[in-house]
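A.B. asks: here is my input, please return the structure:
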Amino acid sequence: MPFVVPRPPELAPATWSAYGLTTLTVLPLVWRRRAPMTVLLAVLAASALYTLALEGPGQPLPYQGLVCVYTIAVLSPARQRAVAAALLLAAVPVSVWLNTRSARELTFSLFVFGAAYAFGRLTDARQRAHRVEAERAAARERARIAREMHDILSHAVSLMIVQAEAGPVAVRKAPERAEAAFEAISATGRDAMGQLRRMLGVLREDDAGGGRSPQPDLDGLPALLDRVRAGGLDVRYETAGPVAGVPAPLAATVYRIVQEALTNTVRHARARTATVRLGRTGGLLTVLVRDDGRGPASPAAKPGGHGLVGIRERAAAHGGTAAVGPGPGGTGFEVRVELPVPSSAEVGV
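C.D. replies: Numbering: from 1, shown residues only. So this is what the prediction gives:
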């Protein structure tokens with residue numbers, strides 16, 4: 001504005017040299033993020049030359065210097081910040097002495113430069129907090145994908161192994177059962193490939209907007225239990241209450257919990273029968289998977305197993321709890337999960 005507003009008659013008009021040097025005090029800011037200290041030195045040098053060599057219009061505030069200090073506070077390491085602070089503590093009093101030589105201007109200049117530095121440090125702290133949160137979110141997403149892939153692969157491979165091991169015996173004694181076992185192996189493999197393809201498709205940027213199938217839900221439980229039954233385990237399915245009205249994320253979690261619990265039964269329990277029971281009372285959904293196998297002696301009962309850890313993590317993600325241990329009377333193995341259902345998800349809402 002001092003170049004636009006007419007100057008008093010007693011002052012000389014602004015010259016092209018003054019215009020040029022004023023531009024040089026601002027132009028280095030283009031590179032302030034690449035080399036903030038160099039830009040600060042360039043700005044100070046151009047400003048000093050303008051003040052000492054010319055009698056041009058002045059600015060009420062050194063805006064370009066404030067921008068440099070803010071940038072250094074955000075981007076530079078501690079040593080460079082200390083050098084910049086020492087440089088300004090020397091440059092600001094000199095500038096005030098050349099201008100008004102007043103304590104008021106000195107106090108105000110130190111205040112605004114200190115404020116610019118403080119805002120820069122606050123911005124740096126906020127950016128670091130955002131980066132930490134982004135890294136935590138990425139870690140949580142990696143853990144979620146790992147759980148999903150573990151559940152899909154362990155379930156499919158376990159069933160395929162059981163069915164394949166029974167195949168040779170069935171070929172000799174009951175060919176029709178062997179044919180059913182091979183069909184079950186094929187169906188299990190196709191289902192696992194389909195789920196993996198959908199999951200990996202989410203991670204591909206070029207697949208955004210593609211026609212991906214939704215996550216499994218409670219409607220998919222009968223098909224899941226049929227695949228387990230094809231491996232020789234007699235599975236009973238019971239429901240109590242309006243279990244069909246739960247939200248989609250919670251339904252997908254229930255599906256994965258049942259899938260992992262039955263996978264552990266097939267792999268470790270040597271059970272003949274298993275029961276899957278879903279019950280809902282008010283805002284609480286209970287998932288119970290129980291078998292008549294060898295109970296806590298099974299490796300499935302060990303706390304270090306990835307499957308049981310995944311069940312607990314899935315329950316905790318929805319604010320629920322998971323308990324594992326022997327079945328009634330110490331027989332078999334039992335997984336009990338209790339999940340709160342959001343009130344907005346009540347049936348009919």
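A.B. asks: and Ala53, how far from Leu98?
C.D. replies: Using Cβ to Cβ, to the nearest Å, Ala53 is found at 12 Å from Leu98. Using the backbone N, CA and C atoms, a C-beta is placed for each residue, glycine as well.
A.B. asks: which elements pack onto the strand or helix carrying Ser95?
C.D. replies: Per DSSP states H and E: Ser95 is located in helix 78-99. With contacts taken as 3 or more Cβ pairs under 8 Å, 6 or more residues apart in numbering; DSSP states H and E, helix 78-99 sits against helix 36-53, helix 63-75, helix 103-173.
A.B. asks: quick one: the shortest one to helix 36-53, angle?
C.D. replies: Orientation check (axes from the mean of the first three to the mean of the last three Cα atoms, to 10 degrees): helix 63-75 against helix 36-53 gives 160 degrees.
A.B. asks: one more: the longest one?
C.D. replies: Angular relation of helix 103-173 and helix 36-53 on a 0 to 180 degree scale: 160 degrees, by the same axes, to 10 degrees.
A.B. asks: chain center to helix 103-173: distance?
C.D. replies: 4 Å (Cα atoms, centre = their mean, to the nearest Å).
A.B. asks: could you give the angle of that helix to helix 78-99?
C.D. replies: 160 degrees.
A.B. asks: now helix 103-173: average pLDDT?
C.D. replies: Average pLDDT, helix 103-173: 81.
A.B. asks: does Leu54 touch Trp16 like I think?
C.D. replies: No. With contacts counted by Cβ atoms under 8 Å, Leu54 stays clear of Trp16, the gap being 10.7 Å.
A.B. asks: and these two? which has more neighbours close in?
C.D. replies: Leu54 (16 against 7; other Cβ atoms under 10 Å).
A.B. asks: where does the closest residue to that one other than its chain neighbours land on pLDDT?
C.D. replies: Using Cβ to Cβ, 6 or more residues apart in numbering and skipping residues adjacent in sequence, the residue nearest Leu54 is Ala18, 5.2 Å away. The model reports Ala18 with a pLDDT of 78.
A.B. asks: which helix or which strand is home to Ala18?
C.D. replies: Judged by DSSP H and E, Ala18 forms part of helix 16-26.
A.B. asks: may I ask which helix or strand encompasses Val335?
C.D. replies: Assigning secondary structure by DSSP H and E places Val335 in strand 333-340.
A.B. asks: buried set for that strand?
C.D. replies: Residues Phe333, Glu334, Val335, Arg336, Val337, Glu338, Leu339 are the ones in strand 333-340 that count as buried (16 or more other Cβ atoms under 10 Å).
A.B. asks: perfect, that will be all.
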